[in-house]
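**Q** Provide a 3D model corresponding to the input given below.
(one chain, ligands or ions: 1)
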Amino acid sequence: MSIKIDNISFSYGPRKALCNLNLELKSGQFNALLGPNGAGKSTLFALLTRLYALQSGEVFIAGHSIHSHPAQVMRQLGVVFQQSTLDLDLSVEQNLLYHAALHGISAREARPRVTRELERFELTDRLKDKVRTLNGGHRRRVEIARALLHQPSILLLDEPSVGLDPATRQQLNHHIRQLCNQQKLTVLWATHLIEEVQEDDPVIILHQGNVLASGQVSSLVNASDSDNLNDLFQQLTGAEQ
Ligand SMILES: Nc1ncnc2c1ncn2[C@@H]1O[C@H](COP(=O)(O)OP(=O)(O)OP(=O)(O)O)[C@@H](O)[C@H]1O
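**A** Here you go, the predicted model:
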């Protein structure tokens with residue numbers, strides 16, 4: 001399922017955060033949204049998830065406007081925000097069942113889904129543990145498992161690897177890629193880290209609210225006079241990695 005972003009702009013008072021964005025995510029693929037701090041990544045996520053109302057332009061999910069068909073399209077979205085939204089004093093199971101209930105899924109129906117997701121994330125033995133006792137990498141996995149409980153076809157992750165050590169970051173990134181391949185999920189992975197983006201990925205380079213480039217990494221690099229994505233990113237944004 002795809003997301004089409006049609007000419008959206010957004011300002012916080014006088015500060016312009018997004019300027020005339022036009023994008024289409026590749027359906028069933030791992031799409032990377034690469035931008036330095038302040039690029040506008042979180043603002044874009046807030047608009048895609050309807051946390052903020054659109055000020056101009058439109059967003060379509062599977063051809064439906066998020067403005068005119070919100071319930072229909074929101075069901076298709078799984079979201080992992082930059083800041084964790086787990087309740088630290090509830091167990092992993094309680095956090096997951098609570099989310100399922102918010103989506104109208106009964107506990108009876110939710111339990112096997114919880115079991116399946118936790119198995120997939122190798123967290124089965126942590127079911128009854130309070131989230132507070134989990135390390136950062138495990139908390140992130142619980143959040144992703146939670147985002148998948150209602151079986152969305154699109155998964156949005158806003159800098160999910162922030163605060164994790166390099167090995168855990170890599171595992172998480174690898175895990176999402178596997179999920180994407182197995183389930184044909186459309187993924188939007190926001191990051192400021194070039195090493196989380198691979199040559200075959202469709203990438204969107206966002207800087208100061210503007211899309212500077214979008215397309216498959218290797219095509220963008222080949223069409224430029226840079227040797228790799230790192231060089232291209234630096235050339236376009238002036239930002240050092
Ligand atoms: N609530 C707000 N009020 C005013 N300005 C804001 C607000 N939130 C974000 N901004 C500004 O909007 C721009 C885009 O911010 P945004 O958080 O979307 O970027 P980002 O790419 O997610 O960066 P980061 O990784 O640092 O969160 C920045 O200039 C930021 O300072």
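**Q** I figured residue 156 hits residue 76, correct?
**A** No - at 10.6 Å, residue 156 and residue 76 do not qualify as touching, with contact defined as Cβ atoms under 8 Å. To be clear about C-beta, it is placed using only N, CA and C from the backbone, and glycine gets the same treatment.
**Q** the more surrounded of those two?
**A** For residue 156 and residue 76, the more surrounded residue by other Cβ atoms under 10 Å is residue 156, and the numbers stand at 25 against 17.
**Q** what lines up beside the helix or strand harbouring that one in the sheet?
**A** Using DSSP states H and E, residue 156 sits in strand 154-158. Using DSSP bridges, the strands paired with strand 154-158 are strand 77-80 (parallel), strand 186-191 (parallel).
**Q** packing partners of whichever helix or strand comes after that strand?
**A** Using DSSP H and E, the next helix or strand after strand 154-158 towards the C-terminus is helix 166-183. Packing partners of helix 166-183 (3 or more Cβ pairs under 8 Å, 6 or more residues apart in numbering; DSSP states H and E): strand 30-34, helix 136-148, strand 154-158, strand 186-191.
**Q** the ones you listed: lowest mean pLDDT?
**A** For the helices and strands packed on helix 166-183, mean pLDDT drops lowest on helix 136-148, to a mean of 93.
**Q** correct me if wrong: residue 100 contacts residue 112.
**A** No - look at residue 100 against residue 112 with Cβ under 8 Å: they stay out of range, at 10.9 Å.
**Q** for stretch 154-171, measure first residue to last.
**A** 20 Å (Cα to Cα, to the nearest Å).
**Q** chain center to it, what's the gap?
**A** Distance of stretch 154-171 from its chain centroid, counting by Cα atoms, centre = their mean, to the nearest Å, is 10 Å.
**Q** equivalent analysis for stretch 208-224, please.
**A** Distance of stretch 208-224 from its chain centroid, counting by Cα atoms, centre = their mean, is 19 Å.
**Q** just the strands in this protein please.
**A** Along the chain, the stretches classed as strands by DSSP state E are 3-12, 15-24, 30-34, 56-61, 64-65, 77-80, 154-158, 186-191, 202-207, 210-216.
**Q** on that earlier part again, for the strands paired with strand 154-158, state which one has the densest average packing.
**A** Mean neighbour counts were taken over the strands paired with strand 154-158 using mean count of other Cβ atoms under 10 Å, and the top value, a mean of 24, falls to strand 186-191.
**Q** so is it next to the ligand?
**A** No - judged by Cβ under 6 Å from any ligand atom, strand 186-191 stays clear of the ligand, getting no closer than 7.0 Å.
**Q** quick one: that strand to strand 56-61, angle?
**A** Interaxial angle, strand 186-191 versus strand 56-61 (axes from the mean of the first three to the mean of the last three Cα atoms, to 10 degrees): 130 degrees.
**Q** residues making contact with strand 186-191?
**A** Strand 186-191 is contacted from outside by 1-3, 25-35, 41-42, 44-45, 48, 153-161, 173, 176, 179-180, 196-197, using Cβ atoms under 8 Å, 6 or more residues apart in numbering.
**Q** what's around residue 38, how many residues?
**A** 13.
**Q** and residue 124, by the same measure?
**A** The burial count assigned to residue 124 is 14, neighbours taken as other Cβ under 10 Å.
**Q** which residues touch it?
**A** Residue 124 is in contact with 115, 118, counting by Cβ under 8 Å, 6+ apart.
**Q** can you check the one 5 residues further on too?
**A** Shown in contact with residue 129 (Cβ under 8 Å, 6+ apart): 91-92.
**Q** now do the same contact list for the residue nearest the centre of the chain.
**A** For the chain, residue 157 is the residue whose C-alpha lies nearest the centre (Cα atoms, centre = their mean; 1.9 Å). Residue 157 makes contact with 79-80, 144, 176, 187-190, according to Cβ under 8 Å, 6+ apart.
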